[in-house]
Each structure stands twice: as C-alpha cells, then as structure tokens.
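**Student:** What would the 3D arrangement of this be:
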Amino acid sequence: MRKSGIHGRGVFARRIIREDDVVVEYKGEIISERECERRYPEDMSGLNHTFIFGVENDHNIDGGAMGNSARWINHACQPNCDTFEENKRIYIRAVRDIRPGEELTYDYAIEAGEPMTKALKARWPCWCGSKRCRGTVLVPTRTKRRKR
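**Tutor:** Sure, this is the predicted structure:
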C-alpha cells in the first residue's frame, strides 16, 4: 500500500499476479443498510467516499471498520481485477496478468439508486484516467425485468 496516482492510497502488486488468481478477501465489519446510511451519509454538495461493499440486503461489509488492505484498492473503468462473492464473502481476483509494481484496481460499479444526472456523477467521480473512463464510479441501477 502506498500513495496512488489514481486517488489517495492504493494497493500495488509486489510480485507477478496471474490471471484468475485470488488477490485478497475484502474484509470488514458486517453492518445493516441503516448503519451504512448512518456511517456514510451522501454529501449532496461535495464528493462522496465509502468503504462499504454491499453483498445483499442488510449484509454489507464496512472495510473502514476492522478492514484490511483491500479497502485501499482503487476504482478503474478498465480494471485489472474484478470481484466475486462466495458464501457472503467478497474476493478480489486478477482479470489479467499483473506486473510487480502495478496498482490493483476493480470497477466499483456502485448502483446509483436514482437517475444518472451530471450532478450525481460529480458527487461520485472517477479519476482512473483510462481511455474508456465513464467519469464516475456509479452505474445505472439494475431494474428487474417484468414478465410478459
């Protein structure tokens, strides 16, 4: 872990990490939706930041409390890692080979929960600098498909 060119602190590979290798588990205190809102209220006039990883309704991992180095892995729109869930636990794995010294990233893909406006995106910015940067860590909220 050290200063990142993307944002704040970042996590960097110390050795070659091969595609599909599990890099780390995202650890932290398990908290409810209500507690998430209390700890990390959305700042409607400024920038937002959270260490919350939502797993399912009322089961969220707060990496800011009892977390590990995984909480410092930054977002990127073209990341070198992704995340997967297994038994209500979250793991970060490499989606390609990663060189020593390279910063680890994954797409936070935080569901917006409301229409994606310019103002909303500005409250949740992305600084990854990739060619396909969408300018925000947010993604449109998935809606359930209606049966016909």
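**Student:** for this protein, which spans come out with low pLDDT?
**Tutor:** Counting by pLDDT under 70, the ranges of the chain that qualify are 143-148.
**Student:** Compute the distance between the spatially most central residue of it and residue 97, please.
**Tutor:** Geometric centre of the chain, nearest residue: residue 108, 3.0 Å, by C-alpha atoms, centre = their mean. Separation of residue 108 from residue 97 (C-beta to C-beta, to the nearest Å) stands at 22 Å. Heads up, the C-betas are built off the backbone N, CA and C, glycines and all.
**Student:** And for residue 69?
**Tutor:** Residue 69 is 21 Å from residue 97, by C-beta to C-beta.
**Student:** Could you do residue 79 as well?
**Tutor:** 14 Å.
**Student:** Please say which of these two ends up with more neighbours.
**Tutor:** The neighbour comparison of residue 79 against residue 97 (other C-beta atoms under 10 Å) goes to residue 79, with 23 against 14.
**Student:** Just list the residues touching the more buried one, thanks.
**Tutor:** If you count contacts by C-beta atoms under 8 Å, 6 or more residues apart in numbering, residue 79 has them with 95, 105-107.
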